[in-house]
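Undergrad: How does the following fold in three dimensions:
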Amino acid sequence: MSVLNREQWLEKATETLRKSLFKSAGAEIPTVRVTNGFPGSRAKSGRVGEFWKGEASDDGIPQVFVSPVLSDSNAVLAVLSHELVHACVPLDGHGREFRRIALSIGLVGKMTATKAGPDLVAFFNKVIDRIGVYPHSALNVSSRKVQSTRLLKVCCASCGYVVRITTRWISTGLPLCPCSHSPMVVAS
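TA: As a prediction, the model looks like this:
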């Protein structure tokens, strides 16, 4: 067996799910692109997967993102399965048809945050035996430092007028207050 990269693994997993699990549930996965990437702008939100309808793509092909914070093959397959249910019923959100398909393939729990039930985990283990483990090391987003603001607060000592300004502009001289016309001071 050749070594797969992440996207190849996700594509192979999608094909396996399409031909067996979803087909037996009477659901058809359309052509879809699957990739490893942060869902939207929510890297730290806890969201681990996201489905984008075809209308959002220039070529009309729906997109599925699996978060790079996941590396466990079973967890990735569970997220992938959830997002593929969205691909089957793109206009349903987490509604009736989504629920029907999700439950019939073995997803359990709250429909907005499904997990794999025991039978689905057993199926996933067979998929992993066939295609190998997910070739990815999880990213730890909690260790990433968040940049603090570059703007410093300056205020007028007489009227309290406040503005924010970069250190670069402070080094050329503090601004004058538009109200009192006196030099402003850096607030501590």
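
Undergrad: now the strands for this structure?
TA: Along the chain, the stretches classed as strands by DSSP state E are 33-36, 49-52, 63-66, 107-108, 115-116, 151-155, 162-166, 185-186.

Undergrad: From the contact counts, what lies against the second one?
TA: Read that as strand 49-52. Applying 3 or more C-beta pairs under 8 Å, 6 or more residues apart in numbering; DSSP states H and E, we find strand 49-52 packed against strand 63-66, helix 73-88. The C-beta positions use only the backbone N, C-alpha and C, and glycine is treated the same way.

Undergrad: give the contact list for the nearest residue to residue 128 once chain neighbours are set aside.
TA: Of all residues not flanking residue 128 in the chain, residue 73 sits nearest, at 4.9 Å (C-beta to C-beta, 6 or more residues apart in numbering). Contact criterion C-beta atoms under 8 Å, 6 or more residues apart in numbering gives 124, 128, 133-134 as the residues in contact with residue 73.

Undergrad: so of these, which ones are in helices?
TA: The subset of those located in helices under the criterion DSSP state H comprises 124, 128.

Undergrad: Dump the contacts of residue 73 to TSV, plus neighbour count.
TA: Shown next, in TSV, are the contacts of residue 73 (neighbours: other C-beta atoms under 10 Å):
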residue	neighbour count
124	24
128	17
133	14
134	24
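
Undergrad: could you dump the contacts of residue 73 to TSV with pLDDT and distance to residue 79?
TA: Conversion of the contacts of residue 73 to TSV gives the following (pLDDT from 0 to 100; distance: C-beta to C-beta, whole Å):
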residue	pLDDT	distance to residue 79
124	98	11
128	97	14
133	97	15
134	97	11
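
Undergrad: Thank you, goodbye.
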